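Engineer: what follows is a predicted protein model with its sequence.
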Amino acid sequence: MLPRALLVSAALALPLAAQAEAPDLLPGQWEFTSTTTVEGDMPIPEQNETHQECLTQEEIDEAPMTLIEEEEGCELLEQNVSAAGMDYRMRCTGEGGEADIVGSMSYLRDRAEGTMRVEMTTPMGEMVMNTEIQAERLGDC
């Protein structure tokens, strides 16, 4: 997926309004792991992704300024954001379908963890997508 963006701006491609303070994360080399499972009528195998990237202090400090804006067709229903993490709820509608999204992310200085649940109604039926995100600082870049 997009672990760095999800970690720093909590955005697993998730639209959010700007927050007031930077995430409580240390700069350095980070490893991000995401696991996504899909429940529904269509069998979809579990998806795992691991990615390493260097996060600079500047990127962490600028995270409040660079959060993704609300996407067309999506409405942010609720959000609670702090340096320690965030929780949010949103709804998206589009070509023949709807999605209710609930997510949370915790920033723990040298690691982070989060979840996202997407409940979708599509022309192909109902599906639920669950994503777990783990991130760990490995050391300096």
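Structural biologist: Sure thing, it's come through.

Engineer: when you work out contacts or count neighbours from here on, use the C-alpha atoms and nothing else.
Structural biologist: Fine.

Engineer: so what strands line up beside the longest strand anywhere in the chain?
Structural biologist: Using DSSP state E, we find that the single longest strand of the chain is strand 125-139. Using DSSP bridges, strand 125-139 pairs in its sheet with strand 28-40 (antiparallel), strand 111-122 (antiparallel).

Engineer: so where's the chain uncertain?
Structural biologist: Under the criterion pLDDT under 70, the flagged ranges of the chain are 1-20, 64-71.

Engineer: tell me where it has strands.
Structural biologist: Under DSSP E, the chain gives strands at 28-40, 47-55, 74-82, 85-94, 97-107, 111-122, 125-139.

Engineer: pull the distance from the fourth one to the chain's centre.
Structural biologist: Averaged C-alpha coordinates place strand 85-94 at 10 Å from its chain's average position (C-alpha atoms, centre = their mean, to the nearest Å).

Engineer: can you dump the C-alpha coordinates of the longest strand of the chain into CSV?
Structural biologist: What follows is strand 125-139 as a C-alpha-only set of coordinates in CSV (Å, rounded to 0.1, in the frame of the first residue of the first chain):
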residue,chain,number,x,y,z
GLY,A,125,-22.0,-7.3,-3.6
GLU,A,126,-20.8,-6.3,-0.2
MET,A,127,-17.2,-6.5,0.8
VAL,A,128,-15.2,-5.7,3.9
MET,A,129,-11.5,-4.8,3.6
ASN,A,130,-9.4,-4.8,6.8
THR,A,131,-5.9,-3.4,6.8
GLU,A,132,-3.4,-3.6,9.7
ILE,A,133,-0.3,-1.4,9.6
GLN,A,134,2.9,-1.8,11.6
ALA,A,135,5.9,0.5,11.4
GLU,A,136,9.2,0.3,13.1
ARG,A,137,12.2,2.6,13.2
LEU,A,138,15.3,0.6,12.3
GLY,A,139,17.9,3.3,12.9
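
Engineer: cool, thanks, talk later.
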